[in-house]
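Student: Following is a predicted model, sequence given first.
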Amino acid sequence: MAPFAAKAVAIAIIVLATVTDVAPAATETATTKGPVIYIFGDSMSDVGNNNYLLLSIAKCDYPWYGIDYEGGYPTGRFTNGRTIGDIMAAKFGVPSPPPFLSLYMTDDAVLGGVNFASGGAGLLNETGIYFVEYLSFDNQISYFEQTKNAMIDKIGKKAAEEVVNGAIFQIGLGSNDYVNNFLRPFMADGIVYTHDEFVGYLMDTITQQLTRLYHLGARKVWFTGLAPLGCIPSQRVLSETGECLEDVNAYAVRFNAAAKDLLDGLNAKLPGARMFLADCYSVVMELIEHPKKYGFTTSHTSCCDVDTSVGGLCLPTASVCDDRTEFVFWDAYHTSDAANQVIAAHLYADMVSAGDVQEQPGNATAAPRVVRSPPRPLPRAPASRSAVGGGNSNTTSAPRTAPASRPAVGGAGNTTAAPRPAPAVRPRDVVGSPHDAPSPRH
C-alpha cells in the first residue's frame, strides 16, 4: 500500500549501523526454504533505498523512527518498527529483502530477494516530484531488470529465469498518486483530469508496467490495493468533524475495483500469469472501525500526535504515545508495527489460500541466498538540506550516477526522473511507457 497514505513529507535518514567498519562477509551460500520475494513500493515498503539518494527529502533519519526495530535506530523504514514486507518475509521463513541501492551488482546477494521500494514513489512518474529524488515504479522495474541481468551473469539465463518465474512480486503503490498528487491543489493531474479520467490514466500506466514485469519473468504478482485513504490522520484533519473523508475513500474503492478488473484481464491475456489484488482496504477499515477487536485503543489519530496535512512525521520533538501497540497509526500517514502485523497476517493468509507460498521440494523460488556482503556505504549528507516539501523546486533531480560495479541510480539520460508536463488531453498511448525509464546496466 502506499504510504498508506502518503508521504507528504519526509526528511533525511540515518541508518546508523551496518554501513561502516563491516568485515568482509563469507561467500558461502545457503538455500532458503521459502520463496524469493521482490518488493516494489513507496514509504510503506521502503527499507532504506532513499538513504542512498542524496537529495531526497523523503527520509526519516531521526528518532523516533525505528524505536521498536532491532537496535532501536532509524533504518529507512517509515514506522516505529517493521514494514508489512518485513513481517511477511518472516512468515515465509526468509530474511527481509535488502534495499536494492545497498547492493553491488557483483554481490551474490542479488540471487535472493530484493526490495526496490522508495518513499515518495507513485505509479506515475510525476507523483512525488516535490520529494526531489525518489525511485518511481518505472525506475524500480528498471532496477529489477538490472538485478536479473546480474543473476544471469552469475547463474545463467535458464536458472535465473526459473528463479524469477517462481518468485513472489509484492507491489504496493498508488497511495501517493492520490495523497501527494491528485488530491493536491497545486498538482496538475488533479486539475487536468476528472477522477474517472485519472483512474483510466492509472490503469493504462499499470497495464504497461505489469506487462513489462511479465516479460521480465514475473508470474506471481500481488498488487496491494489502496487502503481507506480518507481515514488516515493526514486526511481526517481536513474534515471539520475529524471524521473520514468519504469522497476520498470512494476514490480508493473505485481504484481497487478498476485494478481488480485490470489484473483479471492480464491473467486472461498473459500465459501463466497469476496476478492478484491484495485486499488492503477491508482489513485496514476493520482496524479503524473496530480497533478494540484487535487490541488497539486508538485508530483516528497518530501515536506521536502529528496529524497535519503538510507534515505529519514523528519529529524528535514529537510526544510519542506511551504504548505504541495501542495505536493503528504511527504518524499521520503510516501504520504502526502492531497494525502492520495484523495487515501482514491477512495478506499472508490470502497468499496461502492462493497457493503461492506453499513450500515444495525443488520449488524454483528456493534460490541460493548468501550471507550478505558489506552493504554499499551510505553517501555523505550534503551540507544543507532543502526545507520539507521541496520549497519551490517542483522537478525531480536525477539521482547521482554510481560506479560501474554498483547499481546506477538514474544517471545521464534518466527520463523518469523528470516528470512529464501534464497534457491537455491524456495520451493513452504513451503513459507509463517502459521506454521512459532509465536504461539498465548491461
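Tutor: Ah, there it is.
Student: Tell me who's in contact with the closest residue to residue 328 other than its chain neighbours.
Tutor: Excluding its sequence neighbours, the residue lying closest to residue 328 (C-beta to C-beta, 6 or more residues apart in numbering) is residue 299, at 4.1 Å. Glycine gets a C-beta too; all of them are placed from N, C-alpha and C. For residue 299, the contacting residues are 287, 288, 289, 291, 327, 328, 329, by C-beta atoms under 8 Å, 6 or more residues apart in numbering.
Student: how about a cut-off of 6 Å?
Tutor: Contacts for residue 299 (C-beta atoms under 6 Å, 6 or more residues apart in numbering) come out as 288, 291, 328.
Student: wait, which of these is closest to residue 260?
Tutor: Nearest to residue 260 among the contacts of residue 299: residue 288, at 21.6 Å, using C-beta to C-beta.
Student: distance of the nearest residue to residue 36 once chain neighbours are set aside from residue 38?
Tutor: The shortest distance from residue 36 to any non-neighbouring residue, by C-beta to C-beta, 6+ apart, is to residue 167 (4.1 Å). As judged by C-beta to C-beta, to the nearest Å, residue 167 and residue 38 stand 6 Å apart.
Student: ditto for residue 282
Tutor: Distance from residue 282 to residue 38, by C-beta to C-beta: 25 Å.
Student: Now do the helices in the stretch 51-200 of the chain.
Tutor: In the stretch 51-200 of the chain, the helices defined using DSSP state H, counting those that start in this stretch lie at 84-92, 137-155, 157-166, 175-177, 189-192, 195-215.
Student: Nearest to residue 278, out of the ones you listed?
Tutor: helix 84-92 (9.8 Å).
Student: other SSEs contacting that closest one?
Tutor: The contact analysis (3 or more C-beta pairs under 6 Å, 6 or more residues apart in numbering; DSSP states H and E) places helix 84-92 against helix 337-354.
Student: between the helix it packs on and helix 84-92, how big is the angle?
Tutor: With axes from the mean of the first three to the mean of the last three C-alpha atoms, to 10 degrees defining the directions, helix 337-354 sits at 50 degrees from helix 84-92.
Student: List the buried residues in helix 337-354.
Tutor: 337-344, 346-348, 350-351 (16 or more other C-beta atoms under 10 Å).
Student: cool, and stretch 323-339?
Tutor: 324-339.
Student: Same question for stretch 98-112.
Tutor: So, applying 16+ other C-beta under 10 Å, buried residues of stretch 98-112: 98-105, 107-112.
Student: And stretch 152-167, by the same measure?
Tutor: 154, 155, 159, 160, 161, 162, 163, 164, 166, 167.
Student: could these go into CSV alongside distance to residue 235 and pLDDT?
Tutor: As requested, the buried residues of stretch 152-167 are exported to CSV (distance: C-beta to C-beta, whole Å; pLDDT from 0 to 100):
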residue, distance to residue 235, pLDDT
154, 45, 97
155, 46, 97
159, 46, 97
160, 43, 97
161, 43, 98
162, 44, 97
163, 40, 97
164, 37, 98
166, 39, 96
167, 34, 97
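Student: Nearest to residue 214, out of those residues: which one, please.
Tutor: Among the buried residues of stretch 152-167, and counting by C-beta to C-beta, the member closest to residue 214 is residue 164, at 10.6 Å.
Student: OK, contacts around the closest one?
Tutor: Residues near residue 164 by C-beta under 6 Å, 6+ apart: residue 217.
Student: one more time with 8 Å, if that's ok
Tutor: Per C-beta under 8 Å, 6+ apart, neighbours of residue 164: 148, 151, 216, 217, 218.
Student: So which of those residues is the closest to residue 227?
Tutor: Looking across these and measuring by C-beta to C-beta, the closest to residue 227 is residue 218, at 23.5 Å.
Student: list the contacts for that closest one?
Tutor: Contacts of residue 218 by C-beta under 8 Å, 6+ apart are 38, 164, 167, 169, 210.
Student: Using the three-state scheme, assign it.
Tutor: Here residue 218 is recorded as coil under DSSP: H, G, I helix; E, B strand; the rest coil.
Student: For it, report the pLDDT, please.
Tutor: Here the pLDDT value assigned to residue 218 is 98.
Student: how close does residue 164 get to residue 274?
Tutor: Residue 164 is 14 Å from residue 274, by C-beta to C-beta.
Student: Residue 182 and residue 189 touch, don't they?
Tutor: Yes - look at residue 182 against residue 189 with C-beta atoms under 8 Å: they come within range, at 5.4 Å.
Student: overlap in contacts of the two?
Tutor: Common neighbours of residue 182 and residue 189 (C-beta under 8 Å, 6+ apart) are residue 198.
Student: quick one on the thing from earlier: just the closest of the buried residues of stretch 323-339 to residue 58, please.
Tutor: Among the buried residues of stretch 323-339, and counting by C-beta to C-beta, the member closest to residue 58 is residue 333, at 11.1 Å.
Student: Now do the SS call for that closest one.
Tutor: coil.
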